[in-house]
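I need the structure of the sequence given here:
(chains A and B)
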There are 2 protein chains.
Amino acid sequence: MKDTQQNILIIGAGLCGSLLALRLAQRGFNVNVYEMRPDLRKVDISAGRSINLAFSDRGNKAMKLVGLEDKVKALCIPMNGRMIHDTHGNTFQSNYSGRDYEYINSISRGDLNALLLDEAEKHDKVNIQFNCKCKSVNFKNTTALFKGYITKKEFIEDADVIIATDGAGSALRKSYYLGKKFLFSFSQAYLTHGYKELSILPKPNGDFKAYKNALHIWPRGSFMLIALPNLDGSFTVTLFLSYEEGQYNFNNLTTKERVLEFFQNEFPDALALMPNLLDDFFTNPTSPLGTIKCSPWHYKGNTLLMGDAAHAIVPFYGQGMNASFEDVVELDQVLDQSLKDWETIFKTYESNRKKDTDAIADLAIDNFHEMKGHVNQAIFQEKRKLEMALEKEFPNEYASKYSLVTFNEHIGYREAMLKGRAQDKAILNLLTDGLITSNDDLKLVLNRVKQETEAILEHDRIAGLT
Amino acid sequence: MKDTQQNILIIGAGLCGSLLALRLAQRGFNVNVYEMRPDLRKVDISAGRSINLAFSDRGNKAMKLVGLEDKVKALCIPMNGRMIHDTHGNTFQSNYSGRDYEYINSISRGDLNALLLDEAEKHDKVNIQFNCKCKSVNFKNTTALFKGYITKKEFIEDADVIIATDGAGSALRKSYYLGKKFLFSFSQAYLTHGYKELSILPKPNGDFKAYKNALHIWPRGSFMLIALPNLDGSFTVTLFLSYEEGQYNFNNLTTKERVLEFFQNEFPDALALMPNLLDDFFTNPTSPLGTIKCSPWHYKGNTLLMGDAAHAIVPFYGQGMNASFEDVVELDQVLDQSLKDWETIFKTYESNRKKDTDAIADLAIDNFHEMKGHVNQAIFQEKRKLEMALEKEFPNEYASKYSLVTFNEHIGYREAMLKGRAQDKAILNLLTDGLITSNDDLKLVLNRVKQETEAILEHDRIAGLT
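All right, here's what the predicted structure looks like:
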């Protein structure tokens, strides 16, 4: 598959689509991109929905690939760990790693997307049209039907290949599902919780009202609040709460009095920083949290799903954007193999990649439970403390699950999941059975943990579980 | 919820719908049933698709509830175990249980459905209309739109409650999905394998050509053939094979020569019993194998999904029909609780039941791998031999996973799955590590297995995995 003069149509110019356009243009393809929304460089379209994101090593691997590492770094605020807030307003920090050079970053979705659009448009071979919504894809003919929001007219585009990076509501995925032309496995799974975006504004002098270099969490067992810093001194705050269950839930937080009572009882220190709470609460939407998986991602060599369109995940591992960026790196590596046609390329890509995006989807749900509850439990805190000590003492010999997922971009999510889960289980079991304690010699602890982890993995293999 | 004069509309008069109609009529409800197909008591509609099924204790629990145990027994052929056929035509039997009174039954779908329809129609309160296809359900208004195949006319029916037992392609479930009126979690997952029904006809004198009281299996690692006996002396044979992968697959078995070559190489003893193979092979359809899960099953107190409409599973545990029948028993138990309204009834039913139907869906996929491959592997055979010995020696103290799922109808599928999987893992680990052998004293083996199973379950609990 050498003919780089081919025309590639990309549906969606979000984070994944704009990066993909840039990379394919760098490889010499002709790229046409159609985006449903207006150009976010000209119009503010954030509307209180995930305006900042966690950017980490897998995402950065993609930025290195396209030569944008330094430009992206300028948009980042490092977060070294979680700052955990209890109901009395006490805080303690739990680092993401025992290695100082491992941290994640808060970044503005809009700023990053604008950078990627600018860089893509620098290429003659890239053409981006905004305000064009894809209504359906004829994947047998490799054509897509669009409607122009401004022209109000429908039009059909064809291409040699169509790649849909149009997010969780993907038009191509919908065409696969409704078309019933092949066996299409598909799942959408919602959590019982939704989310609402709130904010902590900067001080009048522009300073941050809380510690800047952390991801703040107020874990409350069945719900939680988090906050990520922005370059302008504000924090984007997100409340994760059940729609229906518990004393306070989205369905019954309907009056100002009740919302205030909820925050006074549960998040008094956050409330003190949020005089604008009620405005935000009643202006911003409550949105669902869903996981989408599907297969196959491609129809022959004609069409391909990438990013959230192929695998939308819940936000609790901070990996949604990173996974989508890594998709582009993975496809790029397959393109390097000089395979004979697009069908072989797409098949190879899915076969390499799907196990990993399935894994990060499951890990993200694990982390939902960890963040809202486990971080508050003594045994999980003891585990975390031990792991930080192991990472500090043996930086080349130990990596926690979090570290494997977030900072070890050279291994896939699935390998990180299997090893990380086995390690977690090993440490929790060894602690419970009294076979390791936080007073033991660390070398001894390291060896016991490694041994027990290997035993767990081996037993799973024998039982055919992995 | 006492008003049994209410009108209940059931969509689908298959196995689950006809049983449900009978039970609800016994409880005093007015029941109207609409079925898409013609009356199977008058027209043969089997068309080479799952004409017989495995009937076991959970299904029988439902037959006891409606007073039909004896009538159903007359339709059953007991199968005491698997008769395994190797490529040389050697056979060995692997019983389903070490207890003689535990076995499963082969039963004709048509005969059983006809019995349930007859019994339901004996009630004045039951009215069944055939040839009426449900096109959609308005779950907010509790009305359903039907099209009469004979009248060619569309009509709308309303009811106090609509229950859809219209199988894997459920119209109500489709209305939930397409309606987007609430967060509907949904998955359809296909195996890479499909199936095709074949047959072994009786001898000229009406006798069975192979041993009658077994489920015959020809396991070949990545594919398999099975056969279940019918009352007329025939066997229904099913080939499970990949669509695309392997030397022989459904996509490349396109000529008579190739099909014969495949059977000669892989199933020579079966081929000798099937002079009609090629006719069957090229007449009968190749059908996909899918798992469907969804939630919620109900919309408020208006509508409810039951049976395959709520949870279609692959056939490898022989539990699809049994699970659907058990649905009716579970709903019946909730109706006994005198709850205040249908919404509470449906919510309670789903909350009790969904964990179990999710479990049997996963167990059925486990068993696909067990049947096509594991039954041929030495360590799995050693495990099975030990388990049979334990069940025989300690009938009240040990039950294998298969037995927990199939013969222990007083515990739910989820409990059976958790305990059964832990037991399997325990035995395989103990055998591999040489901590038990088939020469050990059985009491010692029993205790080691129990101890190791409990340790596995406890470690999973600590790690938050169950």
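
how about the strands in the stretch 251-400 of chain A?
According to DSSP state E, counting those that start in this stretch, the stretch 251-400 of chain A carries its strands in the segments A:286-295, A:298-299, A:303-305.

Check these for me and report the most buried one.
Most buried of those by mean neighbour count (mean count of other Cβ atoms under 10 Å in any protein chain shown) is strand A:303-305; its value is a mean of 27. The C-beta positions use only the backbone N, C-alpha and C, and glycine is treated the same way.

Sheet partners, orientation included, of it?
Note on strand A:303-305: by DSSP bridges, its sheet partners are strand A:161-164 (parallel), strand A:298-299 (antiparallel).

How is chain A divided into domains?
If you go by automatic domain parsing, the domain ranges for chain A are A:7-78+A:106-188+A:289-365, A:191-288, A:377-462.

looking at those domains, which is buried most?
Note that of the domains of chain A, domain A:7-78+A:106-188+A:289-365 is the most buried (mean count of other Cβ under 10 Å), with a mean of 20.

Quote the end-to-end distance of it.
38 Å (Cα to Cα, to the nearest Å).

Do you have the helices of the stretch 101-250 of chain A handy? List them.
A:109-121, A:171-179 (DSSP state H, counting those that start in this stretch).

counting contacts, what elements does the shortest one pack onto?
It stands for helix A:171-179. strand A:132-138, strand A:161-164, strand A:185-200, strand A:286-295, strand A:303-305, helix A:308-311 (3 or more Cβ pairs under 8 Å, 6 or more residues apart in numbering or on different chains; DSSP states H and E).

same question, the first one
Helix A:109-121 makes packing contacts with helix A:15-26, strand A:52-55, helix A:69-73, strand A:126-129 when contacts are defined by 3+ Cβ pairs under 8 Å, 6+ apart.

what is the orientation angle of that helix with helix A:15-26?
20 degrees (axes from the mean of the first three to the mean of the last three Cα atoms, to 10 degrees).

CA atoms only for helix A:109-121, dumped as CSV, please.
Only the C-alpha atoms of helix A:109-121 are listed here, as CSV (Å, rounded to 0.1, in the frame of the first residue of the first chain):
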residue,chain,number,x,y,z
ARG,A,109,-9.1,20.6,25.4
GLY,A,110,-9.7,23.7,23.3
ASP,A,111,-6.1,24.9,23.4
LEU,A,112,-4.8,21.5,22.4
ASN,A,113,-7.3,21.0,19.6
ALA,A,114,-6.6,24.5,18.3
LEU,A,115,-2.9,23.7,18.1
LEU,A,116,-3.5,20.4,16.3
LEU,A,117,-5.9,22.2,13.8
ASP,A,118,-3.3,24.9,13.1
GLU,A,119,-0.5,22.4,12.5
ALA,A,120,-2.7,20.2,10.3
GLU,A,121,-3.8,23.2,8.2
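
residues making contact with that helix?
If you take Cβ atoms under 8 Å, 6 or more residues apart in numbering or on different chains as the criterion, helix A:109-121 is touched by A:13-15, A:18-19, A:21-22, A:25, A:31, A:33, A:39-41, A:44, A:46, A:50-53, A:55, A:66, A:68, A:71-72, A:75, A:126, A:128, A:231, A:321.

ok, residue A:415 - contacts?
Residue A:415 neighbours (Cβ under 8 Å, 6+ apart): residue A:404.

Kindly reformat the helices and strands packed on helix A:109-121 as a markdown table containing distance to residue A:144.
Putting the helices and strands packed on helix A:109-121 into a markdown table (distance: least, Cβ to Cβ, whole Å) gives the following:
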| stretch | distance to residue A:144 |
| --- | --- |
| helix A:15-26 | 13 |
| strand A:52-55 | 28 |
| helix A:69-73 | 30 |
| strand A:126-129 | 12 |
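
any chance of the ones you listed in CSV, plus mean pLDDT?
Listed next are the helices and strands packed on helix A:109-121 as CSV, based on pLDDT from 0 to 100:
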stretch, mean pLDDT
helix A:15-26, 98
strand A:52-55, 93
helix A:69-73, 98
strand A:126-129, 97
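
so which of those gets nearest residue B:108?
Of all these, helix A:15-26 sits nearest to residue B:108, with 52.7 Å by Cβ to Cβ.

And the closest one, what does it pack against?
Counting by 3+ Cβ pairs under 8 Å, 6+ apart, helix A:15-26 packs on strand A:7-11, strand A:30-34, helix A:57-66, helix A:109-121, strand A:126-129, helix A:320-335.

if we go to 6 Å?
strand A:7-11, strand A:30-34, helix A:109-121, helix A:320-335 (3 or more Cβ pairs under 6 Å, 6 or more residues apart in numbering or on different chains; DSSP states H and E).

can you pull the contacts of the residue of the stretch 251-400 of chain A found nearest chain B?
In the stretch 251-400 of chain A, the residue that lies nearest chain B is residue A:288 (5.4 Å; Cβ to the nearest Cβ). Residue A:288 is in contact with A:190, A:194, B:183, counting by Cβ atoms under 6 Å, 6 or more residues apart in numbering or on different chains.

pLDDT at it, what is it?
If you check residue A:288, the pLDDT there is 95.

Also residue A:373?
Note on residue A:373: pLDDT of 71.

was I right about it contacting residue A:221?
Yes: using Cβ atoms under 6 Å, residue A:373 is in contact with residue A:221, at 4.9 Å.

Which residue is the nearest non-sequential neighbour of the one residue sitting closest to the centre of chain A?
Among the residues of chain A, the one closest to the centroid is residue A:320, at 1.6 Å (Cα atoms, centre = their mean). In space, and not counting its chain neighbours, residue A:320 is closest to residue A:313: 5.4 Å by Cβ to Cβ, 6 or more residues apart in numbering or on different chains.

The one you found contacts residue A:364, correct?
Yes: contact status for residue A:313 versus residue A:364: in contact at 4.6 Å, counting by Cβ under 6 Å.

Around chain B, which positions in chain A sit nearby?
For chain A, the contact set with chain B under Cβ under 6 Å from any Cβ of the partner chain comprises A:183, A:185-190, A:288, A:425, A:428-429, A:432, A:459, A:462-463.

which residues does the closest residue to chain B within the stretch 101-250 of chain A form a beta bridge with?
Residue nearest to chain B within the stretch 101-250 of chain A: residue A:187 (3.2 Å; Cβ to the nearest Cβ). Residue A:187 has these beta-bridge partners by DSSP bridges: residue A:293, residue B:187.
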